[in-house]
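Trainee: Can you look at this prediction? I've put the sequence above it.
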Amino acid sequence: MRSYVRNPIFLGLFSAVLLDLPFPIAGPLPPWRAAFSLIALVPLLYGLLADGSVAVPSYLRRSALAGYACGVLWYILNCYWIYDTMHLYGGVPPAGAAGILVLYSLVLGLYFALFGFLIAVCRKAFRTNLFPLALAPFFWAALEFAASRITSVPWDQLGYAQVDNFLLTRLAPITGVYGISFVLVAVNALFAAAMLARSIHRRLRIGVGACLLTLLFQLGSFIAPKPSATSDFAVLLQPNLEVGTYNDWVGPEWDENASWILEQSRRTCTSAYIGMPASEAKLETPQCSQNVPPPGIVAWPEAPSPMESDQPRVASLMHAVATAARAPVVAGMFGHDQSGTYNSGVFTSLEGNIIGRYDKIHLVPFGEYVPYREVFFFAQKLTQQLVDLQRGKYRKVFPANGRTFGIFICYESIFADEVRQFAVNGAQVFVNISDDGWYGDTSAPWQHLNMTRMRAVENHRWILLDTNNGVTTSIDSYGRVTVSAPRHVATSLVARYGYNDDLTFYTRHGDLFAILCGIITLVAAAKAARLNLRVNLRIKRQVS
């Protein structure tokens, strides 16, 4: 039993369970659970570097397998919502939906396998735990970066676990989320070093230092700066339309929905949750005044509505909303041109004229297009709602009333290096229109929200997050949810927000820190490979 518990594969599986705890599981993340991100990788690192593991002849292969087991199980636990999305809304049978989740996890788990392999290669080459533990944060950040660029799935990178930590998120405007991941893995490595130390005195010294660092860092979850200054308010419409069905709005139905949109757009005061729409939260009703200036913007989200940019009735509705609210309007809908159909955000000036649209650039595979269609011919049914959408080409920003707005759509918010380009192009505030109804009541809407919040921190920009069914909210430039609408309710949210012009280091330079970690990883791997090759050649000469 003792050898079983020390098995690196078993310890990798244990790390996967711990690694799931600092992320939202079925609702908002309690701040205390974020602390698991500082210890979750300790079992895996210990299993990879313990003397008993290193002595095994198949050490490298076993280490890669331990990392792989950790990664596959973590993705299954963290992204279990894929099953619901595929089965309930994609029309995939239960066995097929489960198979998609497992296949997804098997592919992305390879990054964890490479992490385990790199740790083992360095341990074998340098013959000490010091180098692999010191290099572990570089490896992890580099592999997160690789996942964002190669497979284009940077979902729930480790640093997101600390989005509520004001102390650690101070790194994000410089390094992006990768710097936070780096620090978290470094603390994990320190704990592992304490467990691997040979003398009791050394274990105590390193262990106490790791505990003190953990306490210091987690204090950041309980302190916060003063509320951010606001200068305007937005009206964010939340229609709560049912996903997976076609809402045609024929005849009187169009008139009814258009009247609802017009009515909600003219609101200047709504009841809202202060902060997250948690189960224990209560709606707050502010003191409403009749004499208020027009809103800074009115938003209609990405939603399963029949609105399309080339329809005269849509142009008429946008004109009516803008002139009635005396505000610019951004609305999610299908866009059309000679190249095809787009998932678009149409921007209407406060005079009621449509001045342009942003066409979504980063489409959802198997949701908005089928990649490698010849290979995945069986996946055609997954695109019943949004078939063969075209990619947009430009990250446009839109000026209105002396301000500039940057619009991105749905899960584009998880791509940090892409979102920052809206700020580079002049956006003073971000508007993210999204339909998280495809996720159901799973962890995904909350995970998506936390990743969107990190974009606000990295770029020092307010984000107006307007969704079909929640979480509709205003996020300040420190990543805090200020007010939010109740979920699964047709309503609107009047939310205060502000504008910023400054460009952070991350906004200007992007993933420079992650690229540096990648270079260090390649150099370390090459050095370790060369040392291992020399050792192997020496052994062969001695044998011969």
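Mentor: On my side now, so go ahead.
Trainee: which residues in the stretch 151-300 of the chain form helices?
Mentor: Along the stretch 151-300 of the chain, the stretches classed as helices by DSSP state H, counting those that start in this stretch are 172-175, 177-196, 200-218, 252-265.
Trainee: Tell me which helix or strand residue 46 sits in.
Mentor: helix 42-49 (DSSP states H and E).
Trainee: tilt between that helix and helix 177-196?
Mentor: 60 degrees (axes from the mean of the first three to the mean of the last three CA atoms, to 10 degrees).
Trainee: Figure out which of the helices of the stretch 151-300 of the chain is closest to residue 133.
Mentor: helix 177-196 (4.3 Å; CB to CB). To be clear about C-beta, it is placed using only N, CA and C from the backbone, and glycine gets the same treatment.
Trainee: how far off helix 200-218 does the closest one point, in degrees?
Mentor: Using the same axes, to 10 degrees: helix 177-196 against helix 200-218 is 150 degrees.
Trainee: so who does residue 332 touch?
Mentor: Residue 332 sits next to 300-303, 343-346, 409, 433, 435 when contact means CB atoms under 8 Å, 6 or more residues apart in numbering.
Trainee: just checking, it is part of a strand?
Mentor: Yes - assessed by DSSP: H, G, I helix; E, B strand; the rest coil, residue 332 belongs to a strand.
Trainee: which residues does it form a beta bridge with?
Mentor: When bridges are called by DSSP bridges, residue 332 pairs up with residue 345.
Trainee: Which of the contacts of residue 332 sits closest to residue 102?
Mentor: The nearest one, if we look at these relative to residue 102 and count by CB to CB, is residue 435, at 25.9 Å.
Trainee: Could I get the phi/psi values of the closest one?
Mentor: phi -120, psi 100 (degrees, to the nearest 10).
Trainee: residue contacts, it?
Mentor: Residue 435 touches 243, 301-304, 332, 410, 467-469, counting by CB under 8 Å, 6+ apart.
Trainee: Tell me which of those residues fall in helices.
Mentor: Of the contacts of residue 435, none are assigned to helices by DSSP state H.
Trainee: which of the residues you listed has the most neighbours?
Mentor: Comparing these by number of neighbours (other CB atoms under 10 Å), residue 467 comes first, having 32 neighbours.
Trainee: any idea how far residue 125 is from that one?
Mentor: Counting by CB to CB, to the nearest Å, the separation of residue 467 from residue 125 is 49 Å.
Trainee: got it, and residue 520?
Mentor: From residue 520 across to residue 125, the span is 15 Å (CB to CB).
Trainee: Those two: which is more packed in?
Mentor: When neighbours are counted by other CB under 10 Å, residue 125 comes out ahead of the other of residue 520 and residue 125, with 21 against 16.
Trainee: Within the helices and strands, which one has that one?
Mentor: Assigned by DSSP H and E, residue 125 falls in helix 94-126.
Trainee: Now do that helix: distance to the chain's middle.
Mentor: Distance, stretch centre to chain centre, for helix 94-126: 20 Å (CA atoms, centre = their mean, to the nearest Å).
Trainee: and that helix, which residues are buried?
Mentor: For helix 94-126, the neighbour count (16 or more other CB atoms under 10 Å) marks 96-98, 100-101, 104-105, 108-126 as buried.
Trainee: What is the neighbour count of residue 526?
Mentor: 10.
Trainee: What angle do helix 94-126 and the helix or strand hosting it make with each other?
Mentor: Per DSSP H and E, residue 526 falls inside helix 512-543. Here helix 512-543 runs at 60 degrees with respect to helix 94-126, directions being taken by the same axes, to 10 degrees.
Trainee: Same list (the contacts of residue 332) but as CSV, adding distance to residue 397 and pLDDT.
Mentor: Formatted as CSV, the contacts of residue 332 follow (distance: CB to CB, whole Å; pLDDT from 0 to 100):
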residue, distance to residue 397, pLDDT
300, 19, 97
301, 19, 96
302, 18, 94
303, 23, 92
343, 18, 94
344, 15, 95
345, 11, 96
346, 14, 97
409, 14, 96
433, 15, 97
435, 22, 93
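Trainee: what two of those residues are the furthest from one another?
Mentor: Largest pairwise distance in the contacts of residue 332, by CB to CB, is 15.6 Å, between 346 and 435.
Trainee: rewinding a little: for the helix holding residue 526, buried residues please.
Mentor: Those would be 513-518, 520-521, 524-525, 528, 531-532, for helix 512-543 by 16+ other CB under 10 Å.
Trainee: what does stretch 332-349 give?
Mentor: 332-336, 341-349.
Trainee: May I have that stretch as PDB, with CA atoms only?
Mentor: Extracted as PDB, the C-alpha positions of stretch 332-349 are listed here (Å, rounded to 0.1, in the frame of the first residue of the first chain):
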ATOM      1  CA  GLY A 332     -25.100  40.800 -31.500                       C
ATOM      2  CA  MET A 333     -26.500  39.300 -34.700                       C
ATOM      3  CA  PHE A 334     -25.500  37.600 -38.000                       C
ATOM      4  CA  GLY A 335     -23.600  39.800 -40.400                       C
ATOM      5  CA  HIS A 336     -23.500  39.200 -44.100                       C
ATOM      6  CA  ASP A 337     -21.400  40.200 -47.100                       C
ATOM      7  CA  GLN A 338     -20.300  38.700 -50.300                       C
ATOM      8  CA  SER A 339     -18.000  36.300 -48.500                       C
ATOM      9  CA  GLY A 340     -20.700  34.700 -46.400                       C
ATOM     10  CA  THR A 341     -22.100  34.900 -42.900                       C
ATOM     11  CA  TYR A 342     -20.400  36.200 -39.700                       C
ATOM     12  CA  ASN A 343     -21.100  36.200 -36.000                       C
ATOM     13  CA  SER A 344     -21.100  40.000 -35.600                       C
ATOM     14  CA  GLY A 345     -21.500  42.900 -33.200                       C
ATOM     15  CA  VAL A 346     -23.300  45.700 -35.100                       C
ATOM     16  CA  PHE A 347     -22.500  49.200 -33.900                       C
ATOM     17  CA  THR A 348     -25.100  52.000 -34.200                       C
ATOM     18  CA  SER A 349     -24.400  55.600 -33.600                       C
END
